[in-house]
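[1] what's the 3D shape of this:
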Amino acid sequence: MYRHVLCVFPYPRTRSSKTSFPPLGIEYIAAALRPYAERIDVINFRHERTPSSRHFLRPDTDLVCYSINWRSDLELIERDINALPPGVMVILGGRTATEDPRHWLDACPNVGAIVCGDGEQAIAEIASGRPWAEIDGLVRRGEDGQLVFNPPRPNAPLDDDLMPARDLRRHPYYMTSKGISTGIKIDQITGSRGCPFNCKFCSFSINPWGVKRRWAARSPESIVREIEQIDADLVMFVDDVFTNQPERVIAICDLLIAKKIRKNYIVNARLEIAEHPDVLRKMEQAGFLALLIGVESTQDATLKSMGKGFTVEQIRKRFEVLRKSKMIINAYFIVGNIGETKEQMLSTATFARSLGIDIIHVSRLRNAPYSGLEAIVEQTPGYHISEDGFIYSDACSVDCIADLRKQIDRRFHTPLHVAGVVIKLWRRLTWRIKAKAALSIPPFLFMLVVTQADHKFRKWLAKRAA
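    Next up, the predicted model:
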């Protein structure tokens, strides 16, 4: 039995930080540790004035767990880990730690082990006293000091009864912009893990050893039971693809409607959901607010090379159904796709507008472990991978791609278009969210204007000083 466990999400808030959602991963770890600890604290640096683990240590702290998921602020995280006093067991997990466990064990000598992949079962086995040599998915130091890679942990079915330790949150979570709260409380939920599709640019459904993670889902009953316990009005499903089984979506909606749960939900979906208009109508009735859909490209050749499983013509036909939905439709596109010209990339805005899409999000093509893009780049003359993993070409540099993203965004999100989306969004929100927004948005807008003016004034002063 541990006396005190500290679970840390070690990413500080910055001026560029977007809405800070709850760190579900470390909250799941805290939940899995409950039977083995007298006391557990969950710390999210983005909500703390003192982003330092030492500040939250107790005299009896004997285990510190870190969730390292993103590539930002890595030096800060390393310093924080190395500042921990001797005698405290330190365990790391999360996607970034999983991708390069050797780096973290070399950079942080006080780390005991890295949990690769899903961590709930592994941390429970560690806490229960099971010998580390018998724990799948663990990377550790052997008796001779050399790294030992235990066998990969098989992808296990999701536990219907294990839910994030929301009661350990030190602060509520609100929808924010530029660090300013809108007053709308938000949360996240995991309804499934994995993805049955095989898009070549994506590695989120592949485990640390390059093995495909099959789609695994919780029961509709357990999902709705968890939603009943969530006090936020806006809930985002973190599933890679929520709409994989339409009949399961209907079951979830029917339960939400029967229990008269009044919330709004945001989900990731595939274009194929357009083939089930009855499911779309049921989702509208249950309070689903937005569908986030990956379109990725305006070119058939690119879609084929990505393995998306649909053509431009199929995209157009499916959006004939989707644009009639009352839900907000957000589409993801990628710029910098191999073989595309600048003109083809810039056509994204016109193409998206013709489909009736409400919002677009344009990202850069990035090489991730096991995505397969590295081999394609090597075989394509004139294409390269930057140090931070982004793909560019001799004809379109990293800066050029960044500029194209801005141009596409400006061309699509015109003031008139955004106003129309705001009206559509307002109609879909629950009355509770509308009431909170009515009270919060006027002061929110005032603070946003003040913040932006202050930011521009500081930049002007810096230029004068230079």
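[2] how about the strands in the stretch 251-400 of the chain?
    264-269, 288-296, 328-335, 359-364, 383-385, 391-393 (DSSP state E, counting those that start in this stretch).
[3] Neighbouring strands - and their directions - for the first one?
    According to DSSP bridges, strand 264-269 has the following sheet partners: strand 234-237 (parallel), strand 288-296 (parallel).
[4] just the fourth one next, same as before
    Counting by DSSP bridges, the strands paired with strand 359-364 are strand 328-335 (parallel).
[5] Can you point out the buried residues in the partner strand?
    Neighbour-count burial for strand 328-335, counted by 16 or more other Cβ atoms under 10 Å, picks out 328-331, 333-335. C-beta here means a position set from N, CA and C on the backbone, and glycine is covered the same way.
[6] Stretch 51-71 now?
    51-53, 56-57, 61-69.
[7] Strands - which of those residues land there?
    Those of the buried residues of stretch 51-71 mapping onto strands are 61-67, per DSSP state E.
[8] Can you tell me which helices and strands the host helix or strand of L76 packs against?
    Here L76 sits within helix 74-82, counting by DSSP states H and E. Helices and strands touching helix 74-82, as assessed by 3 or more Cβ pairs under 8 Å, 6 or more residues apart in numbering; DSSP states H and E, are absent.
[9] Output that helix as PDB, nothing but the C-alphas.
    As requested, C-alpha coordinates have been extracted for helix 74-82 and formatted as PDB (Å, rounded to 0.1, in the frame of the first residue of the first chain):
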ATOM      1  CA  LEU A  74      10.200  18.300 -22.900                       C
ATOM      2  CA  GLU A  75      13.200  20.000 -21.300                       C
ATOM      3  CA  LEU A  76      11.000  21.500 -18.600                       C
ATOM      4  CA  ILE A  77       9.500  18.100 -17.900                       C
ATOM      5  CA  GLU A  78      13.000  16.500 -17.700                       C
ATOM      6  CA  ARG A  79      14.100  19.100 -15.200                       C
ATOM      7  CA  ASP A  80      11.000  18.600 -13.100                       C
ATOM      8  CA  ILE A  81      11.500  14.800 -13.000                       C
ATOM      9  CA  ASN A  82      15.200  15.100 -12.100                       C
END
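[10] Looking at the next helix or strand after that helix now, give me its mean pLDDT.
    Once helix 74-82 ends, the next helix or strand along the chain (criterion: DSSP H and E) is strand 89-93. Throughout strand 89-93, pLDDT has a mean value of 97.
[11] can you check stretch 110-130 too?
    Here the average pLDDT along stretch 110-130 is 94.
[12] And stretch 219-231, by the same measure?
    Stretch 219-231 shows a mean pLDDT of 97.
[13] In it, which residues are buried?
    Across stretch 219-231, burial judged by 16+ other Cβ under 10 Å covers 220, 222-227, 230.
[14] For L289, list the residues it contacts.
    234, 264-266, 327-328, 425, 428-429 (Cβ atoms under 8 Å, 6 or more residues apart in numbering).
[15] brain fart, V88
    57, 61-64, 110.
[16] Also I77?
    Contacts of I77 (Cβ under 8 Å, 6+ apart): 10-11, 66, 68.
[17] Identify, from the residues you listed, the entry nearest to H171.
    Y11 (14.6 Å; Cβ to Cβ).
[18] per-residue pLDDT, the most centrally placed residue in the chain?
    Of all residues in the chain, the one closest to the mean position by Cα atoms, centre = their mean is V238, 6.7 Å from it. Among the per-residue scores, V238 shows a pLDDT of 95.
[19] And for M283?
    98.
[20] Could you find the closest non-adjacent residue to it?
    C253 (5.9 Å; Cβ to Cβ, 6 or more residues apart in numbering).
[21] could you check the distance from that neighbour over to P164?
    Separation of C253 from P164 (Cβ to Cβ, to the nearest Å): 23 Å.
[22] again, but for E134
    27 Å.
[23] and what of R218?
    From R218 over to P164 the distance is 13 Å, taken as Cβ to Cβ.
[24] Also A216?
    A216 sits 17 Å away from P164, going by Cβ to Cβ.
[25] again with S181
    21 Å.
[26] Show me which of these two is the more surrounded one.
    P164 (24 against 17; other Cβ atoms under 10 Å).
[27] tell me the contacts of that one?
    22, 24, 27-28, 30-31.
[28] now S397
    Shown in contact with S397 (Cβ under 8 Å, 6+ apart): no residues.
[29] Would you list the phi and psi of it?
    The phi/psi pair for S397 (degrees, to the nearest 10) reads phi -70, psi 180.
[30] where in the chain is pLDDT low?
    14-19, 177-180, 203-210, 437, 439-455, 466 (pLDDT under 70).
[31] Domain-wise, how is it divided?
    Per automatic domain parsing, the domain ranges recorded for the chain read 2-149, 172-433.
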